[in-house]
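**Q** I would like to see how this sequence folds:
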Amino acid sequence: MRFSRIGSCFIIIGAYLLIRLTPIAIRSGFKSPILALIISILLTAVTMLIQLAYAASIVRLRLKPSKAALIALGSGLIVTVILYVPGRYVHNAAFFHSPIGILTGFSLSLLKDIFLILFAATLGYLVSFIVREPNILLPAAFFAGIVDYWGVTSGPVAHWLDKAPGVVSKASVHMPPVVVQTASKVHVIESMIGMGDFLFFALFMGVLYRFNMNVKGSFWFGYGLLTAFMLLVTFSSWNIAIPALVPMGVAILATNAKNFNLKREELLAIVYVGILLLVGLLVAWFVMHKKL
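**A** The predicted structure follows:
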């Protein structure tokens, strides 16, 4: 059984390699605007499924905390090396524009995404052991969505996207580019999923597995919502941002409502914490924008 779970991880990684190569292999199809749009939507949906399945398969291994910690440490070191070593030791800028350099850059980007998901998933799985009862998952999912929304729209992530987008890009997993053609121009829209989203996804899945909650329902409903919102953000003419933890939290709460049995005191405690959290976010927003 353990071997089949490990094998599924490698199969998903192989599928991820193929889906990342697909946009290059079918680039000729982008000559047709309608075909380009259909291909882009399918690539987004399939890539999202593979990425979430990869993170879920890591959690499904049910590793001991010590092994998970070693994997998190090792994958984190690999990501660090991939991000910083090539740029530090390869001083010839022309190399990165040569065919070999382009292939090297693509390979390193692909490896970075694979090990970044592994790092985030194992780290989230480790954090999931802090949760001692299913009821804690309810406020965790709810408040995580609120904080994530604030962080992406007005908080630190929004600040980094504006001031240092390269830093955010390095800490994110990239989706296939979406190609939208108009009568006069070809638009290539790139999107990404932050490392923290995979961390919280693995955290939630770890809790769901440990307490025998609705794992399949949460996964598939969450996948559907995440894909729908990703496409909405990508193709919408409005400048909107919908963090992944918002639809993810909705999926967790909706599919596991029957597993939550909160007492009156616990509900009141959640309300009080929510009020304090909102006040804290407002204060933080005021301080950040005053400095800016």
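**Q** going forward, measure contacts and count neighbours with C-alpha atoms only.
**A** OK.
**Q** just checking, what packs against the helix or strand harbouring L123?
**A** Assignment of secondary structure by DSSP states H and E places L123 within helix 99-127. Contact here means 3 or more CA pairs under 8 Å, 6 or more residues apart in numbering; DSSP states H and E; on that basis helix 99-127 packs against helix 2-25, helix 33-60, helix 65-89, strand 172-174, helix 195-210.
**Q** Hey, what's the angle from that helix to helix 195-210? Just curious.
**A** If you take axes from the mean of the first three to the mean of the last three CA atoms, to 10 degrees, helix 99-127 sits at 40 degrees to helix 195-210.
**Q** how about helix 99-127: buried residues?
**A** Taking 16 or more other CA atoms under 10 Å as the neighbour-count basis, helix 99-127 is seen to contain the buried residues 105, 108-110, 112-127.
**Q** Out of the helices and strands packed on helix 99-127, the one nearest P134 is which?
**A** Distances from P134 to each of the helices and strands packed on helix 99-127 were compared using CA to CA; the shortest belongs to helix 195-210, at 7.3 Å.
**Q** which outside residues touch the closest one?
**A** With contacts defined as CA atoms under 8 Å, 6 or more residues apart in numbering, helix 195-210 is touched by 52, 55-56, 59-60, 116-117, 120-129, 131, 134, 137, 141, 171-173, 214-215, 244-245, 248, 252.
**Q** just stretch 105-114 next, same as before
**A** For stretch 105-114, using CA under 8 Å, 6+ apart, the contacting residues are 13, 17, 20, 78-79, 82-83, 96, 172-174.
**Q** Any of these buried? List them.
**A** Buried among the contacts of stretch 105-114 (16+ other CA under 10 Å): 13, 20, 78-79, 82-83, 96, 172-174.
**Q** Export those to TSV and append columns for pLDDT and distance to M48.
**A** Rendered in TSV, the data for the buried ones among the contacts of stretch 105-114 read as follows (pLDDT from 0 to 100; distance: CA to CA, whole Å):
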residue	pLDDT	distance to M48
I13	84	13
R20	78	11
I78	92	23
V79	90	21
I82	86	23
L83	83	23
F96	56	28
S172	83	13
V173	86	11
H174	79	10
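**Q** Which single one of those is nearest to I34?
**A** Distances from I34 to these, taken by CA to CA, are shortest for R20, at 21.0 Å.
**Q** Pretty sure G222 sits against I252.
**A** Yes - in this structure, G222 sits in contact with I252. The criterion is CA atoms under 8 Å, and the distance is 7.3 Å.
**Q** Buried residues, stretch 9-22. List them.
**A** By neighbour count with 16+ other CA under 10 Å, stretch 9-22 contains the buried residues 9, 12-13, 15-16, 19-20.
**Q** now whichever helix or strand comes after the helix holding L123 and helix 195-210, what's the angle there?
**A** Note on helix 99-127: by DSSP H and E, the next helix or strand toward the C-terminus is helix 137-153. With the same axes, to 10 degrees as the basis, helix 137-153 and helix 195-210 are set at 170 degrees to each other.
**Q** Report all helices and strands that helix 137-153 contacts.
**A** Taking 3+ CA pairs under 8 Å, 6+ apart as the contact cut, helix 137-153 packs with helix 156-163, helix 195-210, helix 245-255, helix 264-291.
**Q** What angle do helix 245-255 and that helix make with each other?
**A** Per the same axes, to 10 degrees, the angle that helix 137-153 makes with helix 245-255 is 160 degrees.
**Q** rewinding a little: so which of the helices and strands packed on helix 99-127 is nearest V147?
**A** Of all the helices and strands packed on helix 99-127, helix 195-210 sits nearest to V147, with 11.8 Å by CA to CA.
**Q** mind listing what's buried in the closest one?
**A** Counting neighbours by 16+ other CA under 10 Å, the buried set in helix 195-210 is 195-208, 210.
**Q** Closest one of the residues you listed to L231?
**A** Compare each of these with L231 using CA to CA and the shortest gap goes to D197, at 16.9 Å.
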